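Visitor: following is a predicted model, sequence given first.
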Amino acid sequence: MSRSFHRWTPEARIERPLDSALYHEPTGFRYSIVEDGDHLYQVELLIGPGGKRLHELRRRIDYVMGSGAVARTYFTAENGRLFQLPLTWYRQHGWDFSPGYELNNARFDRLLPDRCIACHSSYPRPLPFLEGKYAELPSGIGCERCHGPGALHVEQRRVDTSRADAQRDTAFDNTIVNPARLPLARRLDVCEQCHVHTPVTVVREGKDAFSYLPSQPLHAQWAFFKVAGSIDIVSHADRLRQSACFLATRSAAQPLECATCHDPHRAPPDSSARNLPCQGCHSSTVLSQRLARSPSVGDHAAGADCTRCHMPSVKERAVPHGTFTDHWIRVVEPDAPVSARRATDELIEAYFDRDRSGADAAVYRGMGQIVYATGAIDGRALGAGAAALHRALAADTTHGEAHFLLGVAYQQLGRNDEAIRAIEQSVRIDANRPERLRALAQAYEVSGRAPAAIDSLYRRALALQPALAWIRADFARFLHAQGQQQEAEREYRRALTEQPNLAVAGFNLGTLLAEEGRLRDASATFQRAVDLDPSMAEALSSLIEVRTRGAQVIGVRSLGSPLRSLPVRSRGPRAVGLAVSGATETPGLVFVNVPPRAVVQVMRPDGSLVRSLPAGEGGSVRWDLLTQSGAPVGGGLYRAVVMGRDTRGRSSGTQTLNVGLVRQRVE
């Protein structure tokens, strides 16, 4: 545990070199490990025809998460923020993609969540409303993670140093938590704060990732939910709860629990020591008599390793190359299921009893359903979860986070009026949450509310936490769309100073500079954005100028590319393309090669909807460059997501097209 999180140093290096770059097929990126002096870097490459290097981006390995017994994953620091890197080192395999990256390559933009560092570091000092950046970040898991705050304990011993037996005192100590003196349920909670890992986790109202303290009930901190009656193998404590050995000894003076085999103050036991708890109830003599006629009698002789068969190593699907000891102690039959499943019609299953039948059980189940559906990208489940949470909340005025999550779900479903009502309620409950204020500002934008109200929400959010660079970049985009160029530029630059890797903010700043005729600055800014994210090159291959007068679009034209060379990948002859209309018809953009019955959703890069355009049976869809509320679209980066549908209305795949717009206002 002391090595669960720490700075990377060459002296503590255990990683072998990576012989050849790893290729990420969905994106076309290659990743390599480069050593430069006393530092190690992860490098992203994009190789073009003839082996030409079109793109290179490198990030230094600054922090390590994981002891290396199974794996070590890595983080880079940028202005104090920690971002996960794409490659992880696996002890039994070597270098490969970090968990989740093979399917959804987050590149260098996956911010370190509080939930992760809460289990890999002892109580960091977080900054308000700001994940991934900390005022203080200790290495590893220390004493307080299991014993709670220790300041009073240390202070008393400083005062009491005159006592000769102070260091050997075994009397009851009320200055600190001793887990051994807690009831069994609370002892298990101490372990389960990190060793239960469910696919869906919801923090309780009024809590955060660092709220739990040993001796408290864990169910007061988290709502855990399994999926389809199972649980991840790495949830060691939950697997142990399924074991007959645990169930049979719960009321005993010395029950079988985590600390029976795992003394946190000593090195892990060898195989003979691991067997001692088993032999307390299952001696080799008794087993030889019981199994005298069984073919397995030879496996139960004195000195046999109990855990090898009864706690086998299993492959964990969510962790590449990862094997874990299954803590469900049992006689493992061939082809037996890995999980003890319970019949249920629900998508998720509550881990704690209070989320099955407690006073607020329906609220947390509804929240869990929304979290599950969002991760699974399941629109039908998202709608069902929103409906369930809406019913559970009814006239509730206390669960601010639940109302906020409901509002976000409605935003994802395109039901903006309902989103506004839910988010407004969350803000009434607590108006000091920047994310709620930002979400309400976005919902107001979609509905065409007064700019002054939107402006006020953004300013309030940033007053609460000025370092929220992504909200500041959003505010800059809003000011940009309102024609407040000077203030928008200032906010874009403040956001990029705080978080330089915000490629979208850089791109949008480039469009603002182009609108003002500062073409050299615009080109340099676009180049930096493309260096961070080469997918933006597609939007620059033909930058589009939109001319407006008041609330009307009066002209549109292609400006060509502001950069001499761009790393643009070929889309193929059948891919959705873009054409300019307006010479003989109303100005706009036309999406061509659109499949019949598809829907074209024009979005901002953060996923917020700008305009939804049904395709019908034709092969093209026209966009009049207006938003859902009927206002002319602002300058910046947009993504057109084309969602195909078959004759039964089922999804038949998606395509994405990046579009860059420059808006010129004509008096």
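Guide: Alright, I've got the coordinates.

Visitor: list the contacts of Ser612.
Guide: The contact partners of Ser612, by Cβ atoms under 8 Å, 6 or more residues apart in numbering, come to 414, 599-602, 628. Quick note: C-beta positions are derived from backbone N, CA and C, even for glycine.

Visitor: ah, wrong one, I meant Lys226
Guide: For Lys226, the contact set (Cβ under 8 Å, 6+ apart) comprises 198-200, 348-351.

Visitor: what helix or strand is it located in?
Guide: Assignment of secondary structure by DSSP states H and E places Lys226 within strand 222-227.

Visitor: circling back to that earlier point, columns pLDDT, secondary structure and neighbour count on top of the contacts of Lys226, output as a markdown table?
Guide: Written out in a markdown table, the entries for those read as follows (pLDDT from 0 to 100; DSSP: H, G, I helix; E, B strand; the rest coil; neighbours: other Cβ atoms under 10 Å):
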| residue | pLDDT | secondary structure | neighbour count |
| --- | --- | --- | --- |
| Thr198 | 87 | coil | 22 |
| Pro199 | 88 | coil | 20 |
| Val200 | 93 | strand | 24 |
| Ile348 | 91 | strand | 24 |
| Glu349 | 91 | strand | 22 |
| Ala350 | 92 | strand | 22 |
| Tyr351 | 91 | coil | 25 |
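
Visitor: give the contact list for the spatially closest residue to His39 that is not a sequence neighbour.
Guide: Leaving aside its chain neighbours, His39 sits nearest to Arg60 (5.4 Å; criterion: Cβ to Cβ, 6 or more residues apart in numbering). With contact set as Cβ under 8 Å, 6+ apart, Arg60 has these partners: 39-41, 76.

Visitor: ok, these vs Thr325, which is closest?
Guide: Within the set of these, Leu40 lies nearest Thr325; the separation is 30.2 Å, counting by Cβ to Cβ.

Visitor: sticking with the closest one, tell me its helix or strand.
Guide: Leu40 belongs to strand 39-47 when elements are defined using DSSP H and E.

Visitor: so where's the stretch 451-600 of the chain shaky on pLDDT?
Guide: Counting by pLDDT under 70, the stretch 451-600 of the chain has no low-confidence residues at all.

Visitor: switch the cut-off to 90
Guide: Applying pLDDT under 90 to the predicted model, the residue ranges of the stretch 451-600 of the chain that meet it are 564-574, 581-586, 595-597.

Visitor: which stretches in it count as helices?
Guide: For the stretch 451-600 of the chain, the helices defined by DSSP state H, counting those that start in this stretch occupy 451-464, 469-481, 485-498, 503-515, 519-532, 537-540.

Visitor: with the stretch 51-200 of the chain instead?
Guide: In the stretch 51-200 of the chain, helices defined by DSSP H, counting those that start in this stretch lie at 114-120, 144-147, 151-159, 184-195, listed in chain order.

Visitor: export these to JSON lines and tack on distance to Gly635?
Guide: Output for the helices of the stretch 51-200 of the chain, formatted as JSON lines (distance: least, Cβ to Cβ, whole Å):
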{"stretch": "helix 114-120", "distance to Gly635": "35"}
{"stretch": "helix 144-147", "distance to Gly635": "49"}
{"stretch": "helix 151-159", "distance to Gly635": "53"}
{"stretch": "helix 184-195", "distance to Gly635": "46"}
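
Visitor: what's the closest of these to Thr374?
Guide: The minimum distance between Thr374 and the helices of the stretch 51-200 of the chain falls on helix 114-120, with 15.4 Å, by Cβ to Cβ.

Visitor: how far does the closest one sit from its chain's centre?
Guide: Helix 114-120 sits 12 Å away from the centroid of its parent chain (Cα atoms, centre = their mean, to the nearest Å).

Visitor: same thing with stretch 430-438?
Guide: Here the centre of stretch 430-438 is set off from its chain's centre by 20 Å, with Cα atoms, centre = their mean.

Visitor: check stretch 254-263 too.
Guide: When C-alpha coordinates are averaged (Cα atoms, centre = their mean), stretch 254-263 and its chain have centres 33 Å apart.

Visitor: ditto for stretch 95-109
Guide: 12 Å.

Visitor: need the contact partners of that stretch.
Guide: Contact partners of stretch 95-109, identified using Cβ under 8 Å, 6+ apart, comprise 15-16, 18, 22, 24, 26-27, 29, 31, 33, 44, 57, 59, 73, 76, 83-90, 318-321, 501, 533.

Visitor: same deal with stretch 558-578?
Guide: For stretch 558-578, the surrounding residues in contact (Cβ under 8 Å, 6+ apart) are 28, 46, 48, 54-55, 510, 514, 519, 522-523, 526-527, 530, 534, 537-538, 540-545, 580, 589-594, 640, 642, 655, 657, 659, 662.

Visitor: which positions within it qualify as buried?
Guide: Of the residues in stretch 558-578, 561-563, 566-568, 576, 578 count as buried by neighbour count, 16 or more other Cβ atoms under 10 Å.

Visitor: would you format these as a markdown table with distance to Pro217 included?
Guide: As requested, the buried residues of stretch 558-578 are exported to a markdown table (distance: Cβ to Cβ, whole Å):
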| residue | distance to Pro217 |
| --- | --- |
| Ser561 | 60 |
| Pro562 | 59 |
| Leu563 | 58 |
| Leu566 | 57 |
| Pro567 | 54 |
| Val568 | 56 |
| Val576 | 53 |
| Leu578 | 56 |
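
Visitor: only the buried subset of the contacts of Ser612, as a PyMOL command please.
Guide: Of the contacts of Ser612, the buried ones go into a single PyMOL selection, burial set by 16+ other Cβ under 10 Å:
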select buried, resi 599+600+601+602+628
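
Visitor: narrow the contacts of stretch 95-109 to those that are buried.
Guide: Buried, going by 16+ other Cβ under 10 Å: 15, 18, 22, 24, 29, 31, 33, 44, 57, 59, 73, 76, 83-90, 319-321, 501, 533, out of the contacts of stretch 95-109.

Visitor: tell me the mean pLDDT over stretch 1-9?
Guide: Confidence for stretch 1-9, expressed as mean pLDDT, is 91.

Visitor: with stretch 263-273 instead?
Guide: Taken as a whole, stretch 263-273 carries a mean pLDDT of 82.

Visitor: again, but for stretch 206-225
Guide: The predicted model gives stretch 206-225 an average pLDDT of 95.

Visitor: got the CA positions of that stretch in CSV?
Guide: As requested, the backbone C-alpha atoms of stretch 206-225 are provided in CSV (Å, rounded to 0.1, in the frame of the first residue of the first chain):
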residue,chain,number,x,y,z
GLY,A,206,-23.4,15.9,1.1
LYS,A,207,-20.4,13.6,0.8
ASP,A,208,-17.3,13.6,-1.5
ALA,A,209,-14.6,11.1,-2.5
PHE,A,210,-12.6,11.9,0.7
SER,A,211,-15.4,12.0,3.3
TYR,A,212,-15.2,8.5,4.6
LEU,A,213,-13.4,8.0,7.9
PRO,A,214,-12.7,4.6,9.6
SER,A,215,-15.4,3.6,12.1
GLN,A,216,-18.1,5.2,10.0
PRO,A,217,-20.6,2.9,8.1
LEU,A,218,-19.5,2.8,4.5
HIS,A,219,-23.1,2.8,3.3
ALA,A,220,-23.4,6.4,4.6
GLN,A,221,-20.7,7.4,2.1
TRP,A,222,-21.4,5.4,-1.1
ALA,A,223,-24.2,3.7,-3.0
PHE,A,224,-22.7,0.7,-4.8
PHE,A,225,-24.6,-1.1,-7.6
